[in-house]
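A.B. asks: show me the folded form of this:
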Amino acid sequence: MRPPALLLLGLLSALPLLPALGAGEEPPPSDEPPLVTLSGLRADPPAHLGQEVQCVLQLGDPVPAFNPYLTRFGPGEFLCFQAWSDERFLWDRAAFEDPAPYVFARRGTPAADLLAAARPYQRFRVRAVPREVFLGEPWIEVLDADRMHESVSEGTILHAARGLELLAEGNADLARGQLQRAKAGFLPEHARAELERLIESCAEPR
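C.D. replies: Residues are numbered from 1 along each chain as shown. Next comes the predicted model:
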């Protein structure tokens, strides 16, 4: 009988060899769609045209009436929403006033029902496909949506925006109070970190 060590070596030598990844090589693709930002989709609309992607968005207001132009997104078949990319801080006026205007979900689907029942500014991880590029924007169909626990509330946005105004006016003490109030609630980590950075800046000489 062959010794156990030689038997194991013989079994291993019979297995097919898998190619090792070289420096700079990517691992084999998975079945998961790539994770992108809504800002990235807007910055380069053709890049993912027709491809399923994942992204995290902050939901804006539903758009009750919209012009589909020559796209497939007829109001009878789709709900339309505005939305912001997850990394945008909505207490910044420039970010708040620049939502993605064309985010759609097909009526009667679970995704449409979930988004329609949501409160403004709630965060969702979605699977979506940019179906069209029109008026310089991607027209995005949401296929599936999952609500995330953490979100930036309206109260956070109002207090943080007021804090920034006070800070710009040179009133650091009042600004700090507003920014501290903005930290209440279940905030995503990156939003809380930004508020803490702003609070620390209130103590810096200006």
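A.B. asks: hey, let's count contacts and neighbours off CA atoms from now on
C.D. replies: Will do.
A.B. asks: for the spatially most central residue of the chain, grab phi and psi.
C.D. replies: By C-alpha atoms, centre = their mean, the chain has its centre lying nearest to Val56, at 2.3 Å. Dihedral pair for Val56: phi -110, psi 130, per degrees, to the nearest 10.
A.B. asks: again with the one 5 residues further on
C.D. replies: For Asp61, the backbone dihedrals (degrees, to the nearest 10) come out as phi -80, psi 150.
A.B. asks: in contact with it, which residues are there?
C.D. replies: The contact partners of Asp61, by C-alpha atoms under 8 Å, 6 or more residues apart in numbering, come to 81-83, 120.
A.B. asks: pLDDT score for it?
C.D. replies: Listed pLDDT for Asp61 reads 92.
A.B. asks: distance check, it against Ala172.
C.D. replies: According to C-alpha to C-alpha, to the nearest Å, Asp61 and Ala172 sit 33 Å apart.
A.B. asks: gap between the residue nearest to the centre of the chain and Pro68?
C.D. replies: 24 Å.
A.B. asks: list the contacts of Asp86.
C.D. replies: Asp86 sits next to 37-38, 56-58, 123 when contact means C-alpha under 8 Å, 6+ apart.
A.B. asks: many thanks, we can stop here.
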